[in-house]
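Q: My questions concern the predicted model and sequence given below.
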Amino acid sequence: MIIGRVALEHKRMYRIWTEQGEMLAEVSGKFSFQAQGREDFPAVGDWVVVKPRVAEGKGTITAVLPRQSKFSRKMAGNTTEEQIVAANVDTVFLVNSLNEDLNLRRIERYLLLAWESGANPVIVLSKADLSPNVLEKITEVETVTFGGVPIIPVSAELGEGLEGLEPYLQPGKTVALLGSSGVGKSTLTNCLLGQEKQLVQEIRQADDKGRHTTTHREMIMLSNGCILIDTPGMRELQLWESPDGLSETFSEIEELASSCKYRDCGHHDEPGCAVIGAIREGQLSPERLTSYHKLQKELAYLERKSDKRAQTEEKRRWKNITKQVRSKK
């Protein structure tokens, strides 16, 4: 057995980096049988145990090693399952373009999931060369970070601002690029790599929104030994679990809430609510509180669905055990 790292995933086939070279691998039958859900299968960035077939350039994955961090979201659609976007990441570059598609509410969601992942978030504002008011945009983004997250404007086309990313792009570190389609993740990857590896497309002129270019998650090694994980654009970013990241993302609301008259204050119309008081005094935007309430409700709904799913799986498991016992009798 040897250790490898998942560099690319495509329909349950995995390209693995190992000391014995790159291999194409799939999980063993035992692994697949014992997996409880999608989240148990390897994801890009995972360290895995592989039984190699060196002569064939192939191998079989028998285990996934414990993850240091994982950036997850709920799978798109009605299925209540976790989708791991990237694993064992040190820093998450949350890439947002400085055009009309800049969305503060979307940044809040990315930040919430980034804090929960165990990686450190950095907001990268791309296409700075296309914006006449970069400083104004940075000020807008600061209203949802309150100085707690680095904000770095860059222009990959002109090669400007990239020095701000260097402290995070260190040898042996892993950095994941996350963001919507068309924000410039692939262009930034090509710029940092020094070659046109990733396909890029122009954004739609009608609404400044991007087209899907990257179709899969992939690890890419930079010349200095830093690893980038480029990811497809995510149109739908649903939360997963009940993250402590809510407190990190909305730290100013959590701090104000400690001064509310009632401990169980919901910050709606209760008397003595410090949060509502801050809105009246212009210290907090109503949109920020609305977003906080919305994410709270979404997390509560997801938790209820996850509990029902867990109960259903437990009943199914005991039913199978009962069948096995009866068949032995």
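A: On my side now, so go ahead. Numbers count the residues shown, from 1 in each chain.
Q: Now do Thr145: how many residues are near it, please.
A: Using other Cβ atoms under 10 Å, Thr145 has 18 neighbouring residues. C-beta: built from backbone N, CA, C; applies to glycine.
Q: now the one 4 residues further on
A: Neighbouring residues of Val149 were enumerated by other Cβ under 10 Å; the total is 20.
Q: Same check on Arg106?
A: Quick note: Arg106 (other Cβ under 10 Å) scores 17 neighbours.
Q: And Glu56, how close does it get to Arg5?
A: 19 Å (Cβ to Cβ, to the nearest Å).
Q: Look at the two and report which has more neighbours.
A: Arg5 (22 against 9).
Q: centre of the chain versus the helix or strand that Asn190 is a member of, how much separation?
A: Secondary structure assigned from DSSP states H and E places Asn190 in helix 185-193. In terms of Cα atoms, centre = their mean, to the nearest Å, the centre of helix 185-193 is set 18 Å apart from its chain centre.
Q: Now Ser155: closest residue in space that isn't a chain neighbour?
A: Asp129 (4.0 Å; Cβ to Cβ, 6 or more residues apart in numbering).
Q: Test my guess that that neighbour contacts Ala156.
A: No - applying Cβ atoms under 8 Å, one finds Asp129 not in contact with Ala156, separated by 9.1 Å.
Q: More neighbours: the two, which one.
A: It is Ala156, of Asp129 and Ala156, that has more neighbours when counted by other Cβ under 10 Å, with 24 against 15.
Q: residues near the nearest residue to that one once chain neighbours are set aside, how many?
A: Once flanking residues are discounted, Ala156 sits nearest to Cys191: 4.1 Å by Cβ to Cβ, 6+ apart. The tally of other residues near Cys191 (other Cβ under 10 Å) stands at 19.
Q: who touches Cys191 in this structure?
A: Cys191 makes contacts with Ala156, Gly159, Leu162, as judged by Cβ atoms under 8 Å, 6 or more residues apart in numbering.
Q: Which residues are in contact with the residue at minimal distance from the centre of the chain?
A: The centroid of the chain falls nearest to Phe71 when counting by Cα atoms, centre = their mean (3.9 Å). The contact partners of Phe71, taken as Cβ under 8 Å, 6+ apart, are Ile84, Val85, Ala86, Ala87, Val89, Val92, Leu113, Ala114, Ser117, Ala119, Ala176, Leu178.
Q: Between these, which sits nearest Lys51?
A: Ala87 (20.7 Å; Cβ to Cβ).
Q: Report the beta-bridge partners for the closest one.
A: Lys70 (DSSP bridges).
Q: What is the neighbour count of it?
A: By other Cβ under 10 Å, neighbour count at Ala87 equals 27.
Q: unless I'm mixing things up, it is touching Ser69, no?
A: Yes - at 7.0 Å, Ala87 counts as touching Ser69 under the criterion of Cβ under 8 Å.
Q: Check what pLDDT Leu98 gets.
A: For Leu98, the model assigns a pLDDT of 87.
Q: my guess is it contacts Pro132, does it?
A: No - if you go by Cβ under 8 Å, Leu98 and Pro132 don't touch, sitting 9.6 Å apart.
Q: hmm, back to that, quickly name whichever of the contacts of Cys191 is closest to Glu136.
A: Nearest member of these to Glu136, counting by Cβ to Cβ, is Ala156, at 21.1 Å.
Q: tell me the contacts of the closest one?
A: Per Cβ under 8 Å, 6+ apart, neighbours of Ala156: Ser126, Lys127, Leu162, Gly184, Thr187, Leu188, Asn190, Cys191.
Q: what's the most distant pair in those?
A: Lys127 and Asn190 (14.2 Å).
Q: out of these two, which sits in the more crowded spot?
A: Taking other Cβ under 10 Å, Lys127 and Asn190 do not tie; Lys127 has more neighbours (27 against 19).
Q: Relative to Ala278, how far out is the more buried one?
A: In terms of Cβ to Cβ, Lys127 sits 34 Å off from Ala278.
Q: Enumerate the positions of the longest strand along the chain that are buried.
A: Secondary structure assigned by DSSP state E gives strand 2-10 as the longest strand of the chain. Neighbour counts over strand 2-10 (16 or more other Cβ atoms under 10 Å) mark Gly4, Arg5, Val6, Ala7, Leu8, Glu9 as buried.
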